[in-house]
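1. what would the 3D arrangement of this be:
(2 chains)
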Amino acid sequence: DSGVTQTPKHLITATGQRVTLRCSPRSGDLSVYWYQQSLDQGLQFLIQYYNGEERAKGNILERFSAQQFPDLHSELNLSSLELGDSALYFCASSTGTSGAFSDEQFFGPGTRLTVL
Amino acid sequence: AQSVSQHNHHVILSEAASLELGCNYSYGGTVNLFWYVQYPGQHLQLLLKYFSGDPLVKGIKGFEAEFIKSKFSFNLRKPSVQWSDTAEYFCALRYSSASKIIFGSGTRLSIRP
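-> This is a model prediction of the structure:
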């Protein structure tokens, strides 16, 4: 158990819908990262938040957005869902006080999203 | 564009065999390199990382990797694999001028008991 929690574990929804994925980092970790893992795209970094502010952006679509709240939990919002958005969405957290990307990241169990 | 290549998609070995998984990257500048492992049904775990210094990096569970700058490679090795090493292995790159990390496509390792 990495100490990073994600809810829900599974999510099944229809095309065009909007969903919110939630991530709670390890206690004391200031950085939260979101990743998408799919069969055709592999494992891709989406976005990083550090202490409430966006720190780095990866291959995140405009239909997707994220935020980190004062209690440091983060939410990833996916809208206008398409079949190709079906994937495993991982969250990770790190303890780095500087928010440097090279800090070791601890991954959550993921949320499996299925878009029908 | 910066990329990470793992040419072995699926490797099958017997227990006690030696392992080497290839990882090559394309970026001419300073890099941070990582190997992650994902056991079946579990989340990603960091095996080892290279930032600077000794190019031979030792990780957890008996794994090591060697950074060879001239070959743009960061191959993962283990002298004697166990059945419990069955997992998917991902090489990843961060170039220090940026924050984002790039993952390779992964190598699935199957160990025959």
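2. where does chain A dip in pLDDT?
-> In the predicted model of chain A, residues A:96-103 satisfy pLDDT under 70.
3. spell out which residues of it are next to chain B.
-> Selection of chain A residues close to chain B by Cβ under 8 Å from any Cβ of the partner chain yields A:2, A:4, A:42-45, A:48, A:55-58, A:90, A:92, A:101-102, A:104-105, A:107-110. From N, CA and C alone the C-beta is placed, and that goes for glycine too.
4. give me the neighbour count for the residue of chain A at minimum distance from chain B.
-> Proximity of chain A to chain B (Cβ to the nearest Cβ) peaks at residue A:56, 3.3 Å away. Residues within reach of residue A:56, counting by other Cβ atoms under 10 Å in any protein chain shown, total 19.
5. hang on, isn't it packed against residue A:34?
-> No. Using Cβ atoms under 8 Å, residue A:56 is not in contact with residue A:34; the gap is 10.6 Å.
6. if I look at the closest residue to residue A:51 other than its chain neighbours, how far off is residue B:105?
-> Spatial nearest neighbour of residue A:51, chain neighbours left out: residue A:30 (4.7 Å); criterion: Cβ to Cβ, 6 or more residues apart in numbering or on different chains. As for residue A:30, its distance to residue B:105 is 30 Å (criterion: Cβ to Cβ, to the nearest Å).
7. more crowded one of the two?
-> Neighbours of residue A:30 and residue B:105, each counted by other Cβ under 10 Å, are more numerous for residue A:30; the result is 20 against 16.
8. tell me how far that one lies from residue A:68.
-> From residue A:30 to residue A:68 the distance is 9 Å (Cβ to Cβ).
9. bridging residues for residue B:95?
-> Here residue B:95 sits in beta bridges with residue B:31, as judged by DSSP bridges.
10. before we move on, what about residue A:68?
-> Bridge pairing for residue A:68 (DSSP bridges) gives the partners residue A:74.
11. what about it, neighbour count?
-> The number of residues packed near residue A:68 is 23, by other Cβ under 10 Å.
12. by mean pLDDT, flag the weakest helix or strand of chain B.
-> Ranked by mean pLDDT, DSSP states H and E, the weakest helix or strand in chain B is strand B:101-103, scoring a mean of 84.
13. mind listing the helices for chain B?
-> In chain B, no helices are defined using DSSP state H.
14. residue ranges with poor pLDDT in it?
-> For chain B, applying pLDDT under 70 flags the ranges B:96-100.
15. show me what from it comes close to chain A.
-> So chain B meets chain A at B:32, B:42-46, B:49, B:51, B:90, B:94, B:96, B:98-106 (Cβ under 8 Å from any Cβ).
16. which residues in chain B form strands?
-> Ranges of strands in chain B, per DSSP state E, are B:3-5, B:10-14, B:19-21, B:24-26, B:31-38, B:44-50, B:56-58, B:64-68, B:73-78, B:87-95, B:101-103, B:107-112.
17. what helices or strands is the first one leaning on?
-> So the one you mean is strand B:3-5. Secondary-structure packing of strand B:3-5 (3 or more Cβ pairs under 8 Å, 6 or more residues apart in numbering or on different chains; DSSP states H and E): strand B:24-26, strand B:87-95, strand B:101-103.
18. can you lay out those strands as TSV showing mean neighbour count?
-> Formatted as TSV, the helices and strands packed on strand B:3-5 follow (neighbours: other Cβ atoms under 10 Å in any protein chain shown):
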stretch	mean neighbour count
strand B:24-26	16
strand B:87-95	22
strand B:101-103	22
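19. brilliant, that's me finished.
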